[in-house]
Structure formats: C-alpha cells, structure tokens
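In: Okay, structure incoming, though there's no sequence with it:
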C-alpha cells in the first residue's frame, strides 16, 4: 500500500466513523450524502473530488 493510498483509506475511515457517531438529524444526513459522493469519487479515481466531498462532510459535522 502506497502512502497516498494509505492516506486516502485513513481519511475515508475517519469521516465514516464521524458520520456514524453523529446524532440523528439533518446534519448527519448531509454528512452521509457527502460521504457517499466521496466514495463514488474514490471508485472513479477522482481524488480531488473525493477530498472535496470528505472536507464538506467534515464541515457539516463540525
């Protein structure tokens, strides 16, 4: 596993855990929406978009 791949994996796991721990409500739903878009971007190998969506999910939960 390359350092970049490891970093992607850690970031995805971190945001997923934050989404799971968040209290129910509109913020949690918005964060999950961004997380799902990030997963799609990751599968499409669009890392720029993936990071953008992960950051958006993180901001919604903050």
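Out: Sure thing, it's come through. These numbers come from a predicted model, not from an experiment.
In: CA only for contacts and neighbour counts going forward, please
Out: OK.
In: Against which helices or strands is the helix or strand of the chain with the lowest mean pLDDT packed?
Out: Lowest on mean pLDDT, DSSP states H and E among the helices and strands of the chain sits helix 3-21, with a mean of 89. Applying 3 or more C-alpha pairs under 8 Å, 6 or more residues apart in numbering; DSSP states H and E, one finds that helix 3-21 makes contact with helix 26-43, helix 47-61.
In: Please produce CSV containing those helices, extended by mean pLDDT, distance to residue 13 and mean neighbour count.
Out: Listed next are the helices and strands packed on helix 3-21 as CSV, based on pLDDT from 0 to 100; distance: least, C-alpha to C-alpha, whole Å; neighbours: other C-alpha atoms under 10 Å:
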stretch, mean pLDDT, distance to residue 13, mean neighbour count
helix 26-43, 94, 10, 18
helix 47-61, 93, 10, 18
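In: Just put those helices in a markdown table and tack on distance to residue 16.
Out: Conversion of the helices and strands packed on helix 3-21 to a markdown table gives the following (distance: least, C-alpha to C-alpha, whole Å):
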| stretch | distance to residue 16 |
| --- | --- |
| helix 26-43 | 7 |
| helix 47-61 | 9 |
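In: and the least confident helix or strand of the chain with helix 47-61, angle?
Out: Angle of helix 3-21 versus helix 47-61, following axes from the mean of the first three to the mean of the last three C-alpha atoms, to 10 degrees, is 30 degrees.
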